[in-house]
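Trainee: sequence first, predicted model second:
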Amino acid sequence: MKFVVDRTSGWIDGQPCPEATKERIWATDVRTVPTLDQARKAHWAGSFFQEGRTGFREEGGYVMADFETDAWTVEIDCLTCLMAFVEKYGRVIVFPVGPNVYSRDYQRLEIYDDYRE
C-alpha cells in the first residue's frame with residue numbers, strides 16, 4: 001500500500017525519510033468557507049482558483065479543489081511493516097483517504113517530530 005509521507009516539522013525541506021520517493025499525485029485543497037461565492041471574495045481566492053485546478057465544489061461546509069502536485073510517498077505492504085516504520089520514526093499519525101484529506105488517492109503518514117496544535 002502506498003502512503004503520502006511528510007513530517008510535522010514541514011519547514012524542513014526535502015525527503016522526509018530515506019524510504020520516500022517523489023511522485024506526482026492528485027491532492028485536494030480544502031478551505032473553511034461553505035460556498036464558492038464566499039471563496040471568490042476571500043483574501044486567498046487567487047491561490048485557490050489558480051489555473052490548473054479542477055473539481056471546484058462545496059462539500060460538508062467547505063469548498064474544495066483538486067490539483068496535481070509532487071509528494072513524497074512510501075510503500076508499506078503489511079501491518080508488520082507499518083509497525084516497523086513507526087518503531088523507526090517514533091510517533092506517526094495515519095490519515096485516511098476521504099473528505100478534507102490532502103491526497104485523494106493515498107492515505108497519509110505524518111512523522112510527528114515536532115509540536116503542532
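Mentor: Right, received. Where do you want to start?
Trainee: beta partners for the residue lying closest to residue 36 once chain neighbours are set aside?
Mentor: Spatial nearest neighbour of residue 36, chain neighbours left out: residue 63 (5.5 Å); criterion: CB to CB, 6 or more residues apart in numbering. (C-beta placed from N, C-alpha, C; glycine too.) Legend: beta-bridge partners of residue 63 under DSSP bridges are residue 31, residue 58.
Trainee: doesn't residue 53 make contact with residue 63?
Mentor: No: applying CB atoms under 8 Å, one finds residue 63 not in contact with residue 53, separated by 11.3 Å.
Trainee: more crowded one of the two?
Mentor: The residue with more neighbours, out of residue 63 and residue 53, is residue 63; 23 against 16, by other CB atoms under 10 Å.
Trainee: residues contacting that one?
Mentor: Listed by CB atoms under 8 Å, 6 or more residues apart in numbering, the contact partners of residue 63 are 30, 31, 33, 34, 35, 36, 38, 39, 48, 56, 57.
Trainee: hmm, 10 Å instead?
Mentor: Residues near residue 63 by CB atoms under 10 Å, 6 or more residues apart in numbering: 29-40, 42, 48-49, 56-57.
Trainee: just the buried residues of these.
Mentor: Among the contacts of residue 63, the ones that count as buried by 16 or more other CB atoms under 10 Å are 29, 30, 31, 33, 36, 39, 48, 49.
Trainee: got CSV for those, with secondary structure, distance to residue 20 and pLDDT too?
Mentor: Listed next are these as CSV, based on DSSP: H, G, I helix; E, B strand; the rest coil; distance: CB to CB, whole Å; pLDDT from 0 to 100:
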residue, secondary structure, distance to residue 20, pLDDT
29, strand, 22, 91
30, strand, 23, 90
31, strand, 27, 93
33, coil, 33, 96
36, helix, 34, 98
39, helix, 32, 97
48, helix, 28, 95
49, coil, 31, 96
